[in-house]
Every structure is written in C-alpha cells, then in structure tokens.
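# Sequence plus predicted model, see below.
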Amino acid sequence: MRIAIRMDDITPGMDWEKFNRFRKILDGGGIRPLIGVVPRVQDPKLRIDEEKEDFWEWLAGLKKDGWHIAMHGLNHVYRTDKGGMFPLNRQSEFAGLPYEEQLAMLKEGKSLLKEKGIETDIFMAPSHSYDRNTLRALKAAGFKAVTDGFGSRPYIRGEEGLIFYPVSFRKEADLSSAADGITTFVVHANTMSDREFEWYEELVGSGRAVSFDEMTAMPAQKEPFLHQALEYTMAKGKYLGVRAGALAKGLRGRKA
C-alpha cells in the first residue's frame, strides 16, 4: 500500500517550528502533500505562533511547487455535536446545520481563499465531520473532491458525484499490506511529538510515502455497494475505541 500525506490546520499562526520540521522530512523524500488551509481561522487552539506576514504569498509558492491545497472548513470553530456521515468525532463545524447555511459558509470560504490568490476544489472537513447537506452544498459551491472516507483508492460518491480521497483506518494494517492501492495518513504537525516526527522520518525513508499527485492521478471508481454503511460503522467503532482507551488510561492514572 502506498501512503499519501495530508496536513491539517494550516494557518498563519500555526506552530512554525514543527511545520518546518515536518516539511524538512517531506522535502527529504521529495514528497508533496495535501494541506488543509483554514480561510479565516477563529479557533484559538490554532493560534500558536505569531502570524506569518507573507503567509498567503508563501502558500501560493507551495502550490506552485506541487503541493495540493484543500479548504479546511471556514473558521475551524465547532458549532454542533454531530458526527455526521463519518463519525470519527462528535463535533462539527458543518454537520447538523441547515443546507443553506452550510452553502453560505462554503461559498464564503472559497471566496476568501480566492481573494488571497488561492483556488481549490478539494474540501477537508474539520474533525472529519460532514453530513448529506454538506455534500450537496459542496457540489453547489463548486467543489469536486473531499479528503475523507476509508479505502485504498479514490471513489465517487452518490448523486453528488464528489470524488473521495480516502484516509487510513489503521496505519499498521496499511503499512503491512502488499495491495496495489493508496490511502492517506493524517498529520497534525502542531501537536506532534518527537517520537511521531521520527516515525514519519522512517516512513518517508522507507519509500512507502508518495506525493498526493499519485492519489489524484488514480482513476476514481464508483463507490461499492453498501460502502457507506460499512464506512459509517468503521468510523463509529474507531471513535468508541478511542474513547474507551482514553477512559481506561484515565482510570489507570487515578489509581496510580
């Protein structure tokens, strides 16, 4: 299995030391990732460093160098407790809101990016959460692709006709797979530990990581029958598993 990379939470005030550390790893392997840019960040957790003054010019330079850019929500502020169609989390900027409101948000974000010289037709939902209204609104707003879902190759979903570029369900399973496919590992550089940086350095050095170009160049297939139901169940199970693990860790900590 080949591994593409996506980086979430790209903002003018992100942790620049960690971003540049991860970029150095990618550059060492000639890897060009997909990055999710927040058009107008209002999430205080994403304001870590002083804002880069030439951020938008710098971003245009990355795009010119072959990096792919996705719109990562509008403000990155969670407004509902809905997991939506892909319930890896129970928080959303979009899922649960009326269609017209979601459409207005998506159009606003796209317009803000365009004003800064950045155009994209790929959407990256904060916390992976979106619903049917999100997909309808994405199509109406001119988006063509979503980075989410599970699988080993791009697929076309339902009546909206959006292309889904899947993310990994289990990294270990994908790395041990000899299948001729491709999936995406999700990276949040702002919160990465030294151990995680070392792990990705080994991954890139192994030759398994590829540029996101390879994902977009792979022909998208029609979504398999019952795939949505299976995907929902897998995402929900992963969410519950993570919650159970966190609870068990907390209990162990209290006993200690």
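On my side now, so go ahead. Numbers count the residues shown, from 1 in each chain.
# C-terminal to the lengthiest strand in the chain, what's the next element?
Once the chain is assigned using DSSP state E, the strand that runs over the most residues is strand 2-10. Sequence-wise, the next helix or strand downstream of strand 2-10 (DSSP states H and E) is helix 16-28.
# pLDDT of that next one, averaged?
Throughout helix 16-28, pLDDT has a mean value of 98.
# Name the residues that touch the next helix or strand after it?
Remark: after helix 16-28, the chain's next helix or strand is strand 34-37, criterion DSSP H and E. With CB atoms under 8 Å, 6 or more residues apart in numbering as the test, strand 34-37 has contacts from 4-11, 59, 62, 67-72, 113, 118, 122, 124, 147, 165, 184, 212, 215. To be clear about C-beta, it is placed using only N, CA and C from the backbone, and glycine gets the same treatment.
# redo that, cut-off 7 Å
With CB atoms under 7 Å, 6 or more residues apart in numbering as the contact definition, strand 34-37 has outside contacts at 6-10, 59, 67-72, 113, 118, 124, 147, 212.
# again with stretch 191-200
With CB under 7 Å, 6+ apart, stretch 191-200 has contacts from Lys18, Arg21, Phe22, Ile25.
# Give me the nearest residue to the first one, chain neighbours excluded.
Leaving aside its chain neighbours, Lys18 sits nearest to Ala189 (4.6 Å; criterion: CB to CB, 6 or more residues apart in numbering).
# So what sits opposite the residue nearest to His72 when sequence neighbours are not counted in the bridge?
Nearest residue to His72, sequence neighbours excluded (CB to CB, 6+ apart): Gly36, at 3.2 Å. Gly36 has these beta-bridge partners by DSSP bridges: Ala70.
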